[in-house]
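*Asks:* Structure for this input, please:
(one chain, ligands or ions: 2)
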Amino acid sequence: MENFTFWTPTKYVFGRGVEMQAGALTASMLGRKVLMVYGGHSAEASGLLAKVRASLSEAGVEWKELGGVRPNPTDDKVREGIDMMRAEGLDSLLAVGGGSVIDTAKAIAAGVPYDGDFWDFFEGKAAIGDTLPLVVILTIPAAGSEGSGNAVITKIDGKVKISIRTEVALRPKFALMNPELTFTLPPYQTACGIVDMMAHIFERYFSDTPCVEITDRVAEGVLMAIIEEAPKVMENPTDYDARANIMWSGTLAHNGVCGTGRKEDWASHAMEHEISALYDVAHGAGLAVVFPAWMTFMAKNHPEKGAQLARRIWDVKEDDDHKAAMEGVMQLKKFFKKLGMPVTMDELGITEPDIDLLVEKLHEHKGNVIGGYYPLTPTETRIIYQLTI
Ligand code: NZQ
Ligand code: ZN
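*Replies:* Residues are numbered from 1 along each chain as shown. Ligands and ions are numbered 1, 2, ... in the order given. Next up is the predicted model:
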């Protein structure tokens, strides 16, 4: 096991009605003038925003609103938020939504105290220093941004989607998580979220670092819970306990606990980010296509961890590692399909993917070699993209 620091300062407040604590918790971190960030229409339509406004009023917190954040959030919205906060003298942020809203709020939180353009952080030209405090009300368990130190933003000009990772700076102060708020999720978004949280575990599970049985077992436990609970939320969207299990799984999948003590992979996420940047598909749906292809490649070239996963998660009885790993890929595809997810580019709605461009942009953004479990150069990433067709 490698040395590690595990630091997750976010305070998670979980359960029915917790969104009503938004005002008090914002006030508790000295937020007196908050920017409330949200997405398209779901939070307004469900009545959530009305409740949050009431909670802010009751706590004596002033606020301004920045709505209209779209999935695969873009840099223009971040700049709009930064300008608004500076002009209005706002001191803290409240994100109401999923990964797109939270990541927009995180980028604003880092951008306001910074003299230059916030995109410098994403291009690696500047390191994030001070950030404004952020409270999150999560409405979709998926990206895990409520517990991660990451943010993913797309620059409209050039369709560049970049993910940045900090140890602590971008982690929210509070994450309010009421599973009832996820009852309104359409099946497609629910399924995209389930795929994304599984992918966050896979990225950490596929590792060559030896002797991290504890982390393997934590990861397997969360995966097994997701596999058991997912059909329940798909069948009955208002099953509170199933929604609660899925919601907490999404956080544990990405707050770092499934990756302690070892090197992680992250090639599949990098490959998917190029797809959602270019074709504007849902991140989870893109991962449902990329991961089976990546795992198929690994079954041939480095099958050990895939074989272990197949035996432990899918109960595959097969001694040969390659065959066991391939059986695991088949089981995973079957599971994704049962959720209604695509497993090929065509099913994702991309009939003629521009693989040359995907490979070129991927390595332009991520360097010539990607992936911690198995190094992938343009030759290998091309093969994997081809396996998605
Ligand atoms: O905009 P509204 O109307 O709210 O609709 C949203 C949106 O269309 C809808 N939705 C959210 N909560 C709902 C709801 N609809 C009904 N009822 C509710 N309760 O769901 C749609 C998707 O929302 P979005 O925030 O885009 O989803 P998600 O949480 O999957 O976030 C995806 C983004 O996060 C990035 C992805 O790349 C993508 O840009 N990621 C961020 C990560 C991080 N910060 O750590 C890690 C991830 O790997 C990921 O890359
Ligand atoms: Zn993801």
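*Asks:* Give me the pLDDT for the residue nearest the centre of the chain.
*Replies:* Nearest residue to the geometric centre of the chain (Cα atoms, centre = their mean): A143, 2.1 Å. pLDDT recorded at A143 is 98.
*Asks:* try G31
*Replies:* 76.
*Asks:* cool, T238 as well?
*Replies:* At T238, pLDDT is 98.
*Asks:* what helices or strands is the helix or strand harbouring H200 leaning on?
*Replies:* Take DSSP states H and E as the rule and H200 turns out to sit in helix 187-205. Packing partners of helix 187-205 (3 or more Cβ pairs under 8 Å, 6 or more residues apart in numbering; DSSP states H and E): helix 213-235, helix 240-254, helix 267-279, helix 283-301, helix 304-313. For every residue, glycine as well, the C-beta is placed using N, CA and C.
*Asks:* Name the nearest residue to the residue of the stretch 251-389 of the chain found nearest ligand 1, sequence neighbours excluded.
*Replies:* As assessed by Cβ to the nearest ligand atom, ligand 1 sits closest to H283 within the stretch 251-389 of the chain, at 3.8 Å. The shortest distance from H283 to any non-neighbouring residue, by Cβ to Cβ, 6 or more residues apart in numbering, is to S276 (5.4 Å).
*Asks:* What is the neighbour count of T379?
*Replies:* T379: 8 surrounding residues under other Cβ atoms under 10 Å.
*Asks:* any idea how far V168 is from E65?
*Replies:* Remark: distance between E65 and V168 (Cβ to Cβ, to the nearest Å) = 28 Å.
*Asks:* what do you get for T209?
*Replies:* 23 Å.
*Asks:* Secondary structure element holding Y12?
*Replies:* strand 11-14.
*Asks:* Let me fix that, I meant to ask about I137.
*Replies:* strand 134-138.
*Asks:* swap in E380?
*Replies:* E380 belongs to helix 378-387 when assigned by DSSP H and E.
*Asks:* sorry, back to before: just to check, the residue nearest to the centre of the chain is in contact with A95?
*Replies:* No - the criterion here is Cβ atoms under 8 Å, and A143 misses it with A95 at 11.6 Å.
*Asks:* Common neighbours of the two, please.
*Replies:* Shared contacts of A143 and A95 (Cβ atoms under 8 Å, 6 or more residues apart in numbering): I102.
*Asks:* Spit out the contact partners of the residue of the stretch 251-389 of the chain closest to ligand 1.
*Replies:* Contacts of H283 were listed using Cβ under 8 Å, 6+ apart, and they are P71, N72, G99, A142, A143, C192, D196, E272, H273, S276.
*Asks:* and with 10 Å instead?
*Replies:* By Cβ atoms under 10 Å, 6 or more residues apart in numbering, H283 lies in contact with 71-72, 99-100, 142-143, 152, 161, 192-193, 195-196, 199, 269, 272-273, 275-276.
*Asks:* Quick check: mean pLDDT of stretch 214-230?
*Replies:* On average, stretch 214-230 scores 98.
*Asks:* And that stretch, what's buried?
*Replies:* By neighbour count with 16 or more other Cβ atoms under 10 Å, stretch 214-230 contains the buried residues T215, D216, V218, A219, E220, V222, L223, I226, I227, E229, A230.
*Asks:* now, the most widely separated pair of these?
*Replies:* T215 and A230 (22.4 Å; Cβ to Cβ).
*Asks:* what's near enough to touch I226?
*Replies:* Residues near I226 by Cβ under 10 Å, 6+ apart: 141, 194-195, 197-198, 201, 245-246, 249-250, 252-253, 335.
*Asks:* Between all of the residues you listed, which two are separated the most?
*Replies:* Within the contacts of I226, L252 and F335 form the most distant pair, 19.0 Å apart (Cβ to Cβ).
*Asks:* hang on, the earlier thing: helix 267-279 and the helix holding E380, what's the angle between them?
*Replies:* Calculated by axes from the mean of the first three to the mean of the last three Cα atoms, to 10 degrees, helix 378-387 forms an angle of 70 degrees with helix 267-279.
*Asks:* Return the set of buried residues in helix 378-387.
*Replies:* For helix 378-387, by 16+ other Cβ under 10 Å, it's E380, T381, R382, I383, I384, Y385, L387.
*Asks:* That one packs against which elements?
*Replies:* helix 267-279, helix 283-301, helix 355-366 (3 or more Cβ pairs under 10 Å, 6 or more residues apart in numbering; DSSP states H and E).
*Asks:* Is it possible to get CSV of these that adds distance to M177?
*Replies:* Formatted as CSV, the helices and strands packed on helix 378-387 follow (distance: least, Cβ to Cβ, whole Å):
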stretch, distance to M177
helix 267-279, 23
helix 283-301, 18
helix 355-366, 32
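*Asks:* what sits up against the strand holding Y12?
*Replies:* In contact with strand 11-14 (Cβ under 10 Å, 6+ apart) are residues 18-19, 21-22, 25, 28-29, 135-138, 146-147, 172-179, 244, 247-248, 251, 255.
*Asks:* Pull out the buried members of those.
*Replies:* The buried subset of those - by 16+ other Cβ under 10 Å - is 18-19, 21-22, 25, 29, 135-138, 146-147, 172-179, 244, 247-248, 251, 255.
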